[in-house]
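> Any chance you could fold what I've pasted below:
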Amino acid sequence: MTTMRRPTEVREMPSGAEKLRDSIAKSWQRSAQSGLAPADTLEQASLRDVDRRSRLLAAANPILDRMESVLHGSGYCVLLADRDARLVDLRFGTHSLRDAVSSMGAVVGRSFTEQASGTNSISTSFEMRAPCAVHAEEHYIESMKTFGCYGHPLIHPVTRRIEGVLDITFLASDDNPLLQPMLVHAAQDIQGRLLEETRSGEQRLFQAFQYASSQRRGAPVIAIADEILLENTSAATIVDTVDHSALRSLTDDAVRRSGVVQDVILNSGLHATVRWERPVSAAGIVIEIDPHDTLRTPPPAPKTRKPLCVNGEPGTGKSTTLARWTATTSPRWFDASDLVTTTAAEWLAGVEHQVRAAHDVVVENVHFLTGPVASRLHSILSSAPGWYALSSSATDSAELEHRQLLSLCAETIELAPLRSRRHEIPDLVRAIMAELESRAHFTPAALSALIDYDWPGNIGELRAEVTEAASRRSVGDITERELVRPRKKASTTRMSTLDTAMRDAIVHELARQGGNKRTTAESLGISRTTLYKRMREFGILG
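Got it, this is the predicted structure:
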C-alpha cells in the first residue's frame with residue numbers, strides 16, 4: 001500500500017552499496033529510505049491469512065505442482081507472491097531448505113515488499129515489474145545473504161496489471177544457470193492460465209448475473225469484477241459511477257462476508273438496501289439492490305438516561321454523535337484537552353459544580369486525563385444525580401483509573417473509522433457541501449478518489465479536504481486534480497484485516513500514552529524503529 005511519508009532522516013547506505021549493480025543499488029536506496037535496516041528481520045513484516053481460492057492460486061497450482069515434482073530432492077524452493085507482494089505458496093525440494101527458509105521468516109502470509117523485506121527477487125521484481133536476480137551479498141537484509149534467488153513478475157495478459165511474482169530461491173552455493181529459463185517458462189504458463197481463468201470466470205459471473213436478474217424479475221442487480229461491470233436496466237436508472245466505486249469498497253471483504261445486508265444512500269440521495277454474494281471462486285460479486293419506496297431521514301437517536309460513552313479514533317464524529325444524543329437537552333460540556341490551559345483543580349471544580357446542580361454533563365476526550373484526575377472524575381460522576389456522557393479515543397486503556405472511569409457508562413457507542421465505511425463518503429461529502437452552502441460539486445472521478453483514500457484523520461480530515469476544495473472553487477466542478485490528500489497518498493491496495501487491526505492498536509496505544517513513542521513501543525512489545533516504520537506505513541500522524 002502506498003502511504004504518505006513525512007520527511008525523515010535518510011539512513012546512510014550500508015557499506016558496500018557503492019559496488020552493487022545499478023538496479024540493486026537503487027533497491028538498497030529505496031529500502032533504506034523506507035526506514036528498513038540491514039539488521040531487521042522478516043518477522044517484523046506484517047503477516048495475514050491468504051485466500052486459498054484466489055484467481056492467482058487457481059492458475060498457479062498446477063504449475064507449482066509440476067515445479068515441485070521437478071525440484072524434489074534438490075536444494076531449491078519455489079515461492080509465489082500475490083499482487084500485494086505477499087507470500088501465498090511455498091514449495092520446497094528438501095526439508096533442510098524448508099527449515100532454513102522458514103527460520104528466516106519466509107512463511108505464507110508474509111509481506112515481501114521492499115519496505116518490509118529489502119532487496120530480494122520477489123520485492124525488487126515486484127517494484128520494477130521486471131525479472132530480477134539477486135545473489136547472496138546483493139540482499140539488503142543480512143539474514144538473506146546466504147541465499148540466491150530469481151524472480152519473475154506475473155503480468156495479467158488482459159489487464160496488464162501485476163498479479164504476483166514467481167520466485168526460485170536456493171543457497172548461494174547451489175546457483176544454476178538453468179534455473180532462470182525454467183522460471184521464465186513457468187511464469188509464462190501461469191500467465192496463460194490466468195487468461196483462461198479470466199475468460200471462464202467472466203462467463204460464470206455473467207451466468208450468475210443473469211440468474212439473479214431473472215429471479216428478481218428485473219429488480220436492480222449489478223455484477224462487479226476487476227475489469228467487469230454488469231447491470232440490468234433497473235439498476236442503470238438508479239446507480240452511477242460514484243455508486244460503483246462505493247459498492248466496490250463496500251464489498252471488498254465479500255470473500256469472508258458473502259450474504260451481508262447493508263443499508264446505503266446512493267449518490268442520487270435514494271436510500272436502498274443491498275445484499276451481495278460471491279457466486280463462484282474468484283469470479284466477482286453479484287449485488288442485489290432494493291430501493292426504498294421513499295427518501296428516508298435517519299431515525300432519531302434513542303433517548304436514554306443511562307450513562308453513555310462514545311469511543312472512536314480522532315475524527316470519527318464523537319462530538320457530533322454526542323450532540324445528536326443531547327439535541328433536546330442542554331448539557332454542560334467539558335473537554336479534557338482544556339487542561340492544557342487550566343489547572344486540574346479548576347477544571348474538576350467546574351465539573352463537580354455542574355454535577356452537584358443535577359445538570360446533565362458531557363466530558364470529551366477523557367483519554368487525555370492523567371490517572372489521578374481520572375480517578376477524581378470517577379468519584380464525582382459515580383454519585384451524579386443527573387445524566388452524563390463521556391467520549392474517548394482509547395477504549396482499552398492500560399491505566400486502571402481510565403478503565404474504572406469508562407466502566408461507569410452503562411451504554412457504549414463504538415464509532416468505526418471512515419476507512420471501514422467508505423461507502424458513506426459520497427453522502428458525507430454532500431452533507432458537508434450543504435453546510436458550506438457551496439454551489440460547486442465533486443465530479444464522479446473526484447468522489448471515487450475520495451472513496452479510495454484511507455483517511456487516517458477520519459471524518460475530520462475529510463471535512464478539511466472538502467472545505468479546502470470548496471474554498472478554491474465556489475461554483476462548477478471540483479475535479480480529481482484539485483484534491484490534495486488523495487493525490488499525495490493514492491492507495492494501490494487497501495489494508496488487510498490484520499494491518500487494520502495493527503494500525504488501530506497503534507493509534508489507541510499512542511492516545512493512551514499521550515503520544516509518547518517510547519512508552520507506546522514498550523507497551524506494544526516492539527522497538528521504536530519498528531513503531532516509526534509502522535506509523536509511516538499506516539499514515540499515522542504524530
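
> So for R21, what's the nearest residue that isn't a sequence neighbour?
Using Cβ to Cβ, 6 or more residues apart in numbering and skipping residues adjacent in sequence, the residue nearest R21 is E138, 7.3 Å away. Just so you know, the C-beta spots here come from the backbone N, C-alpha and C atoms, and that holds for glycine as well.

> Could you measure from that neighbour over to Y76?
18 Å (Cβ to Cβ, to the nearest Å).

> now the strands for the stretch 251-400 of the chain?
261-265, 271-277, 285-291, 308-312, 332-335, 361-364, 388-392 (DSSP state E, counting those that start in this stretch).

> Out of those strands, which is the most enclosed?
strand 388-392 (a mean of 25; mean count of other Cβ atoms under 10 Å).

> Walk me through which strands that one pairs with, and which way each runs.
strand 308-312 (parallel), strand 361-364 (parallel) (DSSP bridges).

> Could you say which one of those strands comes nearest to Q191?
Nearest of the strands paired with strand 388-392 to Q191, taken as Cβ to Cβ: strand 308-312 at 44.5 Å.

> got a list of what the nearest residue to T320 once chain neighbours are set aside touches?
Once flanking residues are discounted, T320 sits nearest to I459: 7.9 Å by Cβ to Cβ, 6+ apart. Neighbour list for I459: 315-317, 320, 418, 428 [criterion: Cβ atoms under 8 Å, 6 or more residues apart in numbering].

> Pull out the buried members of the residues you listed.
315-317, 418, 428 (16 or more other Cβ atoms under 10 Å).

> which one among these gets closest to S125?
The closest of those, once distances to S125 are taken by Cβ to Cβ, is L418, at 34.1 Å.

> so the closest one sits right up against G460, yeah?
No. Using Cβ atoms under 8 Å, L418 is not in contact with G460, being 9.3 Å away.

> ok, what's across the strand from G312?
L415.

> Let me know the pLDDT of it.
At G312, the predicted lDDT confidence score is 85.

> So it versus N458, what's the distance?
8 Å.

> residues bridging contact with those two, i.e. touching both?
With Cβ under 8 Å, 6+ apart as the test, G312 and N458 both reach P417.

> So what would you say the end-to-end distance of stretch 418-434 is?
One end of stretch 418-434 to the other measures 20 Å (Cα to Cα, to the nearest Å).

> ok so, going back, now the contacts of I459 as a markdown table including pLDDT?
Output for the contacts of I459, formatted as a markdown table (pLDDT from 0 to 100):
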| residue | pLDDT |
| --- | --- |
| G315 | 80 |
| T316 | 82 |
| G317 | 83 |
| T320 | 84 |
| L418 | 83 |
| L428 | 88 |
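
> tell me the two of the residues you listed that are most distant?
Taking Cβ to Cβ as the measure, these span a maximum distance of 12.8 Å, between T320 and L418.

> so which of the contacts of I459 comes closest to H292?
L428 (19.5 Å).

> Packing partners of the helix or strand hosting that closest one?
For L428, the enclosing helix or strand under DSSP states H and E is helix 425-436. In terms of contacts (3 or more Cβ pairs under 8 Å, 6 or more residues apart in numbering; DSSP states H and E), helix 425-436 is packed against helix 241-250, strand 439-442, helix 444-452, helix 458-472.

> Any chance of CSV for the ones you listed, columns mean pLDDT and distance to S234?
Shown next, in CSV, are the helices and strands packed on helix 425-436 (pLDDT from 0 to 100; distance: least, Cβ to Cβ, whole Å):
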stretch, mean pLDDT, distance to S234
helix 241-250, 78, 14
strand 439-442, 88, 26
helix 444-452, 86, 20
helix 458-472, 88, 31
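
> still on that earlier bit, okay if I get the strands paired with strand 388-392 as a markdown table plus distance to S34?
Formatted as a markdown table, these follow (distance: least, Cβ to Cβ, whole Å):
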| stretch | distance to S34 |
| --- | --- |
| strand 308-312 | 30 |
| strand 361-364 | 37 |
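
> about what we covered before: dump the strands of the stretch 251-400 of the chain to TSV, plus distance to L178.
Formatted as TSV, the strands of the stretch 251-400 of the chain follow (distance: least, Cβ to Cβ, whole Å):
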stretch	distance to L178
strand 261-265	53
strand 271-277	46
strand 285-291	43
strand 308-312	57
strand 332-335	69
strand 361-364	67
strand 388-392	62
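
> Any idea which of these gets closest to Q115?
Using Cβ to Cβ, the nearest of the strands of the stretch 251-400 of the chain to Q115 is strand 308-312, at 28.5 Å.

> Using CSV, write out every CA atom in that closest one.
Once non-C-alpha atoms are left out, strand 308-312 reads as follows in CSV (Å, rounded to 0.1, in the frame of the first residue of the first chain):
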residue,chain,number,x,y,z
LEU,A,308,-23.2,6.9,27.8
CYS,A,309,-19.6,6.5,26.4
VAL,A,310,-18.8,7.2,22.8
ASN,A,311,-15.5,5.6,21.6
GLY,A,312,-13.6,6.1,18.4
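
> rewinding a little: compare the strands paired with strand 388-392 and report which one is nearest to A327.
Once the strands paired with strand 388-392 are compared by Cβ to Cβ, strand 361-364 is nearest, at 12.2 Å.

> continuing past the lowest-mean-pLDDT helix or strand in the chain, what's the next helix or strand?
Ranking every helix and strand in the chain by mean pLDDT, DSSP states H and E puts helix 497-512 at the bottom, with a mean of 66. Going down the chain from helix 497-512, the next helix or strand is helix 517-524, by DSSP H and E.

> Check which element follows that following helix along the chain.
With DSSP H and E, the next secondary element past helix 517-524 is helix 528-538.

> by contact count, what packs against that following helix?
Checking 3+ Cβ pairs under 8 Å, 6+ apart, helix 528-538 ends up next to helix 497-512, helix 517-524.

> which strands and helices sit next to the shortest one?
Taking 3+ Cβ pairs under 8 Å, 6+ apart as contact, the helices and strands that helix 517-524 lies on are helix 497-512, helix 528-538.

> Now do the lengthiest helix in the chain and strand 285-291, the angle between them.
Of all segments of type helix in the chain, defined using DSSP state H, the longest is helix 179-215. On the basis of axes from the mean of the first three to the mean of the last three Cα atoms, to 10 degrees, helix 179-215 is oriented at 30 degrees to strand 285-291.

> Could I have the CA atoms of the helix or strand following helix 179-215 written out in CSV?
Tracing the chain past helix 179-215, the next element assigned as helix or strand by DSSP H and E is strand 221-225. Extracted C-alpha coordinates of strand 221-225, given in CSV (Å, rounded to 0.1, in the frame of the first residue of the first chain):
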residue,chain,number,x,y,z
VAL,A,221,-28.8,-6.2,-10.0
ILE,A,222,-25.2,-5.4,-10.8
ALA,A,223,-22.1,-7.6,-11.0
ILE,A,224,-18.6,-6.3,-10.3
ALA,A,225,-15.2,-7.9,-11.0
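
> From what I see, A336 and V362 are in contact.
No. Using Cβ under 8 Å, A336 is not in contact with V362, being 11.4 Å away.

> still on that earlier bit, looking at the buried ones among the contacts of I459, which are in helices?
Reading helices off the buried ones among the contacts of I459 with DSSP H, I get L428.

> how about the helices in the stretch 51-200 of the chain?
55-71, 95-103, 114-117, 121-128, 179-215 (DSSP state H, counting those that start in this stretch).

> Mean confidence (pLDDT) on the last one, please.
Read that as helix 179-215. pLDDT averaged over helix 179-215 gives 85.

> Now that helix: buried residues?
For helix 179-215, by 16+ other Cβ under 10 Å, it's 179, 182-183, 186-187, 189-191, 193-194, 197-198, 201-202, 204-206, 208-209, 212-213.

> ok, now the second one?
Neighbour-count burial for helix 95-103 flags 97, 100-101 (criterion: 16+ other Cβ under 10 Å).

> State the mean pLDDT of that helix.
92.

> List of residues touching it?
Contacts of helix 95-103 (Cβ under 8 Å, 6+ apart): 75-77, 90, 92, 146-147, 169-171.
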